[in-house]
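Undergrad: 3D model of this:
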Amino acid sequence: MSEQMKTIDLLIVGAGPAGLAAAIAAKRAGVMDLLVLEREEEPGGILNQCIHNGFGLHRFREELTGPEYAHRDIQEARDLGIDVRCGAMVLEVTADKVVSVVSREKGLETFKARAVILAMGCRERPRGALAIPGTRPAGVFSAGTAQKIVNMMGYMPGNEVVILGSGDIGLIMARRMTLQGAKVKACVELMPYSSGLNRNIVQCLDDYGIPLMLSHTVIDVQGKDRVKGVTIAQVGEDRLPIPGTEQDIPCDTLLLSVGLIPENELSLGAGVKLSDTTQGPVVDNRFETNVPGVFACGNVLHVHDLVDFVSQESALAGQAAARYLKGDDDKDASEVAVVDGPGVRGTVPQRLMIPKGEQTEGLDLMFRPDRVYNNCFLTLRAGEQVLLSQRRRIMTPGEMATAKLSPQMLEALKDHKELRLEISAQKQGA
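TA: Here you go, the predicted structure:
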């Protein structure tokens, strides 16, 4: 016998930094009937296992560990009386915002929401996506799994470590494993540049004498019951191994830090359109997807470098959901498509909804360059009109870039259907 469907104004999926920030902002904007659902037993998301510091520098102007950062939002949510229900797994979100959830305490429940915010975060790309030759011995872990084993369970995955990929989690785990007594022999990166923040390269590799081997990859894993070593090789511009450059490295552990993927299952079930570039939902500047009343924010939308920016973005999504529930959306807004031009990948939001009347606030576009650029120009172009051509000293795929649209730029965009972002060597326009 199915339980009667419950109605709710706003339902938020995920109680990590994105979900909590969205809930806090929505509650402060006047949404009283809201519920946050979290599948883990504690709120806070991935921050709970990130015991290193470096969080909160932008938002709080102080250096916090992951759990300390999460605690501030958890406490604020409690102070505001926000209902955060943990141990509740969301099974499905439909296009008409019917949400099915199962928990130990209440079994299967169904909610009919007026608005939904998707804040499920992301997951690590697994070994199966890499097609690394070799057997399947013990000792191969994703970097995030190893982080949880060390920081939350108190076990060491191994003693002699090679890390494939230079994402931030892998860089941080290079330092963490070293501090716990392991020998990290190399961090091997397929691309000719690191995919992590420069500060992590310095603090986690350089400070501990761990070599970063760019344009290299693992081509074989040795060992039957346990990893005994890996074979690495240099790769060419086609990213294929160069014969004769093979090198064997004895080790008992291989950590994979090869990228993060937004958690898309619930988004797809709701009929949300996904971006081929970010692999997350396509949204407008209100963080609303193509499904009316369904919003997305945080790492489920696009993978961020810093949690501070996750919180900032998600607060805007919470405010937008509150306006939607109040019926304040401007139905006659001008729609402008945001397009990735040369050198630009994964701009978010992918479309702008510019309300009628004078523009009083600007907004930020976030994107990543497709490679490392030095002394380049970021250009924003609407048709033949150049709205901005701004010098950037350095741009790298490992760090999210921002383009700021002023109210005057938004006003000018009302006469156009498309805004294009480009990276070039020369200043564009007058």
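
Undergrad: N285 touches Q350, doesn't it?
TA: No - the pair formed by N285 and Q350 falls short of the contact definition of Cβ atoms under 8 Å, at 9.6 Å. Quick note: C-beta positions are derived from backbone N, CA and C, even for glycine.

Undergrad: Now do the buried residues in the longest helix anywhere in the chain.
TA: The single longest helix within the chain, with elements called by DSSP state H, is helix 307-326. For helix 307-326, the buried set under the neighbour-count rule, 16 or more other Cβ atoms under 10 Å, comprises 307-325.

Undergrad: cool, stretch 292-308 as well?
TA: For stretch 292-308, the neighbour count (16+ other Cβ under 10 Å) marks 293-308 as buried.

Undergrad: and which of the residues you listed is nearest E418?
TA: Set against E418, the nearest of these by Cβ to Cβ is H302 (20.3 Å).

Undergrad: Next one: Q75 from E41, what distance?
TA: To E41, Q75 is 18 Å away according to Cβ to Cβ, to the nearest Å.

Undergrad: let me redo that: S103
TA: From S103 across to E41, the span is 11 Å (Cβ to Cβ).

Undergrad: In terms of neighbours, single out the busier of the two.
TA: S103 (16 against 8; other Cβ atoms under 10 Å).

Undergrad: how about the residue lying closest to that one once chain neighbours are set aside, what does it touch?
TA: Nearest non-adjacent residue to S103, counting by Cβ to Cβ, 6 or more residues apart in numbering: A88, 4.2 Å away. Residues counted as contacts of A88 (Cβ atoms under 8 Å, 6 or more residues apart in numbering) are L37, E38, R39, V101, V102, S103.

Undergrad: Now for these: which two are most distant?
TA: E38 and V102 (13.0 Å).

Undergrad: Neighbour count: those two, which is higher?
TA: Remark: of E38 and V102, E38 carries more neighbours, 25 against 14, as counted by other Cβ under 10 Å.

Undergrad: buried residues in the strand or helix carrying V90?
TA: For V90, the element it lies in under DSSP states H and E is strand 88-93. Buried residues in strand 88-93, counting neighbours by 16+ other Cβ under 10 Å, are found at A88, V90, V93.

Undergrad: Give the partner strands of it in its sheet and their orientations.
TA: Sheet pairing for strand 88-93, assigned by DSSP bridges, gives strand 98-103 (antiparallel).

Undergrad: Show me the contact partners of the strand it pairs with.
TA: 5, 11, 13, 37, 85, 87-93, 108-113, 116.

Undergrad: do the same with stretch 139-149
TA: Here stretch 139-149 makes contact (Cβ under 8 Å, 6+ apart) with 46, 49-50, 124-127, 155-158, 163, 165, 167, 169-170, 172-173, 176-177, 221, 223, 226-227, 252-257.

Undergrad: The same query, at a cut-off of 6 Å, please.
TA: For stretch 139-149, contacts defined as Cβ atoms under 6 Å, 6 or more residues apart in numbering pick out 49, 124, 155, 157-158, 169-170, 173, 226-227, 252-257.

Undergrad: what two of the residues you listed have the greatest distance between them?
TA: Farthest apart among the contacts of stretch 139-149 by Cβ to Cβ are Q49 and R226. That separation is 24.5 Å.

Undergrad: circling back: ok, of the contacts of stretch 139-149, which come out buried?
TA: With burial judged by 16+ other Cβ under 10 Å, the buried subset of the contacts of stretch 139-149 is 49, 124, 157-158, 169-170, 173, 227, 252-257.

Undergrad: my guess is V116 contacts L11, does it?
TA: Yes - counting by Cβ atoms under 6 Å, L11 is a contact partner of V116 at 5.2 Å.

Undergrad: Was I right to think G134 contacts D220?
TA: Yes - with contact defined as Cβ under 6 Å, G134 counts as touching D220 (5.0 Å).

Undergrad: can you pull out the helices in this protein?
TA: Assigned by DSSP H, the chain shows helices spanning 17-28, 66-79, 143-148, 168-179, 198-200, 265-269, 307-326, 407-413.

Undergrad: Among those helices, single out whichever gets nearest to V188.
TA: In terms of Cβ to Cβ, the element of the helices of the chain nearest to V188 is helix 168-179, at 9.7 Å.

Undergrad: okay, that closest one in PDB with CA atoms only?
TA: Output in PDB follows, covering the C-alpha atoms of helix 168-179 (Å, rounded to 0.1, in the frame of the first residue of the first chain):
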ATOM      1  CA  ASP A 168      43.200  18.500  -6.900                       C
ATOM      2  CA  ILE A 169      42.200  15.400  -4.900                       C
ATOM      3  CA  GLY A 170      45.100  13.400  -6.200                       C
ATOM      4  CA  LEU A 171      47.500  16.300  -5.400                       C
ATOM      5  CA  ILE A 172      46.100  16.600  -1.900                       C
ATOM      6  CA  MET A 173      46.400  12.800  -1.400                       C
ATOM      7  CA  ALA A 174      50.000  12.900  -2.500                       C
ATOM      8  CA  ARG A 175      50.700  15.100   0.500                       C
ATOM      9  CA  ARG A 176      48.400  13.200   2.800                       C
ATOM     10  CA  MET A 177      50.000   9.800   2.000                       C
ATOM     11  CA  THR A 178      53.500  11.300   2.500                       C
ATOM     12  CA  LEU A 179      52.500  12.700   5.900                       C
END
